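Colleague: what follows is a protein structure lacking sequence information:
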């Protein structure tokens with residue numbers, strides 16, 4: 001299959017390392033002269049930005065964290081004059097604290113390039129009809145894939161999120177080949193197409209590019225069961241550039257190709273910051289080698305994954321990262337047991353009797369917290385109406401046993417009637433909530 005940028009995507013390891021070292025050196029020189037924040041950080045670390053630097057010297061460079069972005073909000077990390085900023089994107093962080101990122105004209109060009117590569121990984125090309133259901137606005141998803149599709153020459157439907165019935169009509173009438181949205185919304189669209197009486201084999205979609213939420217292999221199977229497509233994972237975050245940092249290919253679906261000519265990737269131990277080797281799971285760290293307006297040096301993402309430097313069957317030699325299995329700060333500690341939401345999802349999605357919609361409730365109404373798992377029966381699950389409650393209890397017992405085996409933790413499982421868990425029309429699905437003496441999120445659910 002033709003690649004969007006064959007030279008960049010098939011470089012030898014030595015060629016790529018030389019390019020990365022060259023760009024890293026230029027970045028350090030620029031940061032020392034244009035960013036008071038980084039000039040200070042480099043001086044504190046004893047780094048001479050003009051001295052020769054190899055990739056083996058990366059661990060000597062200082063980390064950047066989200067707290068640094070918050071502390072210097074909104075313009076403190078700019079490395080260009082404010083007048084050169086063409087666009088601002090961002091997201092809301094903990095407690096609603098915003099994370100804003102600035103883009104120069106050159107940054108927008110790089111972003112379009114890497115999103116075009118992602119669409120190329122899906123087999124898209126000039127004229128391919130792309131249905132883009134990521135949200136538009138400060139969130140980077142919608143506009144990122146939009147500009148990548150236009151650069152690639154695709155026919156773009158910029159539908160954004162929400163208005164599901166309208167989306168169903170557009171998919172039916174325009175017959176797009178590629179779907180871009182969050183994985184949770186892909187499931188919702190699959191359900192809605194079925195509810196509209198459109199048979200699965202009459203849906204034109206063949207590839208989906210799904211991101212903005214961590215999702216499991218079991219969720220991939222669920223998506224591909226309700227939609228006739230290959231589900232690809234895409235990764236990005238606004239602090240680095242947005243979607244397009246990495247993406248799976250349709251040929252292998254075996255790890256996300258990191259555009260490492262632009263984004264130098266490391267994996268470190270989440271606790272110590274010590275570099276980890278290929279195949280070892282840890283925290284992803286990125287350095288933006290070519291970003292102009294707000295570059296970041298060794299940015300700690302909090303996302304957990306592993307790296308595989310081996311070439312892919314598709315012909316790309318870019319290093320591949322595994323699916324993000326969770327976030328360092330998403331880990332729940334329940335009665336001394338570390339629980340990642342992705343582990344719970346893997347159990348739920350593997351259970352045929354359960355739909356891929358769930359809510360994890362951390363119950364803090366007692367001295368020791370406990371975990372409640374609310375889910376619902378799968379559509380079309382064959383039961384008699386007068387025994388539905390007993391069937392839900394039986395399924396709850398099965399799911400509880402599977403969770404105990406996977407997590408080593410007893411959980412309370414509630415299997416609700418279909419449609420009880422709120423569907424997400426816009427943005428990311430909220431999977432984890434807290435129950436306190438004054439707030440009970442389960443009270444709003446039926447069943």
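Modeller: Here it is on my side, so go on. Bear in mind that the values here come from a model prediction, so they are computed numbers and not experimental data.

Colleague: check which element follows the helix or strand where residue 401 lies along the chain.
Modeller: Using DSSP states H and E, the element containing residue 401 is helix 388-407. Once the chain leaves helix 388-407, the next helix or strand it forms, by DSSP H and E, is strand 412-416.

Colleague: in its sheet, what does that following strand sit against?
Modeller: strand 370-377 (parallel) (DSSP bridges).

Colleague: what mean pLDDT does the strand it pairs with get?
Modeller: Average pLDDT, strand 370-377: 90.

Colleague: residue 321 contacts residue 259, correct?
Modeller: No. Contact between residue 321 and residue 259 fails when scored by Cβ atoms under 8 Å: they sit 11.0 Å apart. The C-beta positions use only the backbone N, C-alpha and C, and glycine is treated the same way.

Colleague: any chance you could map the helices in this structure?
Modeller: Here the chain has its helices, by DSSP state H, at 6-9, 13-34, 36-44, 66-71, 105-121, 140-152, 164-174, 183-195, 217-226, 341-350, 388-407.

Colleague: in the third one, which residues are buried?
Modeller: By neighbour count, with 16 or more other Cβ atoms under 10 Å as the criterion, the buried positions of helix 36-44 are 37-38, 41-42.

Colleague: same thing with the first one?
Modeller: When neighbours are counted by 16+ other Cβ under 10 Å, the buried residues of helix 6-9 are found to be 8-9.

Colleague: for stretch 47-65, same thing?
Modeller: Result for stretch 47-65 [16+ other Cβ under 10 Å]: buried residues 47, 49, 53, 58, 61, 63-64.

Colleague: that one: how far from the chain's middle?
Modeller: 28 Å (Cα atoms, centre = their mean, to the nearest Å).

Colleague: and that stretch, end to end?
Modeller: 19 Å (Cα to Cα, to the nearest Å).

Colleague: where does the stretch 251-400 of the chain have low pLDDT?
Modeller: For the stretch 251-400 of the chain, the stretches flagged by pLDDT under 70 are 329, 380, 382-386.

Colleague: for residue 107, give me its contacts.
Modeller: By Cβ atoms under 8 Å, 6 or more residues apart in numbering, residue 107 lies in contact with 241, 291-293.

Colleague: JSON lines please, covering the residues you listed and showing distance to residue 73 and neighbour count.
Modeller: As requested, the contacts of residue 107 are arranged in JSON lines below (distance: Cβ to Cβ, whole Å; neighbours: other Cβ atoms under 10 Å):
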{"residue": "241", "distance to residue 73": "19", "neighbour count": "29"}
{"residue": "291", "distance to residue 73": "18", "neighbour count": "23"}
{"residue": "292", "distance to residue 73": "19", "neighbour count": "22"}
{"residue": "293", "distance to residue 73": "15", "neighbour count": "24"}
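
Colleague: switch those over to JSON lines; also include distance to residue 28.
Modeller: Listed next are those as JSON lines, based on distance: Cβ to Cβ, whole Å:
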{"residue": "241", "distance to residue 28": "19"}
{"residue": "291", "distance to residue 28": "13"}
{"residue": "292", "distance to residue 28": "14"}
{"residue": "293", "distance to residue 28": "17"}
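
Colleague: for those, which one is nearest residue 340?
Modeller: residue 241 (25.8 Å; Cβ to Cβ).

Colleague: before we move on, the earlier item: where among the helices of the chain is average confidence lowest?
Modeller: Minimum mean pLDDT among the helices of the chain: helix 341-350, a mean of 84.

Colleague: residues touching it, excluding its own?
Modeller: 214-219, 221-222, 325-326, 330, 332, 354, 356, 358, 360, 373, 375, 399, 402-403, 406-407, 431-432.

Colleague: report the angle between that helix and helix 183-195.
Modeller: For helix 341-350 against helix 183-195, the angle by axes from the mean of the first three to the mean of the last three Cα atoms, to 10 degrees is 20 degrees.

Colleague: ok, back up a step: weed out the non-buried ones from the contacts of helix 341-350.
Modeller: Buried among those by 16+ other Cβ under 10 Å: 214-216, 218-219, 222, 325-326, 330, 332, 354, 356, 358, 360, 373, 375, 399, 402-403, 407, 431.

Colleague: before we move on, the earlier item: just give me the least confident of the buried residues of stretch 47-65.
Modeller: Among these, pLDDT bottoms out at residue 53, giving 83.

Colleague: if you skip the residues just before and after it, what's nearest to that one?
Modeller: Spatial nearest neighbour of residue 53, excluding adjacent residues (Cβ to Cβ, 6 or more residues apart in numbering): residue 25 at 5.5 Å.

Colleague: roughly how far apart are the one you found and residue 50?
Modeller: 9 Å (Cβ to Cβ, to the nearest Å).

Colleague: before we move on, what about residue 407?
Modeller: Following Cβ to Cβ, the distance that separates residue 407 from residue 50 is 51 Å.

Colleague: how about the contacts made by the residue nearest to residue 190 when sequence neighbours are not counted?
Modeller: Leaving aside its sequence neighbours, residue 190 sits nearest to residue 226 (Cβ to Cβ, 6+ apart; 2.9 Å). Going by Cβ under 8 Å, 6+ apart, residue 226 touches 187, 190-191, 193-194, 200.

Colleague: do the same with residue 362
Modeller: 332, 334, 369-372, 432-435.

Colleague: among those residues, which one has the most neighbours?
Modeller: residue 371 (22 neighbours; other Cβ atoms under 10 Å).

Colleague: quick one: contacts for that residue?
Modeller: Counting by Cβ under 8 Å, 6+ apart, residue 371 has contacts 332, 334, 339, 360-363, 409, 411-412.

Colleague: one more pass at 10 Å, please.
Modeller: Residues in contact with residue 371 (Cβ atoms under 10 Å, 6 or more residues apart in numbering) are 332, 334-335, 337, 339, 344, 360-363, 403, 407, 409-413, 432.
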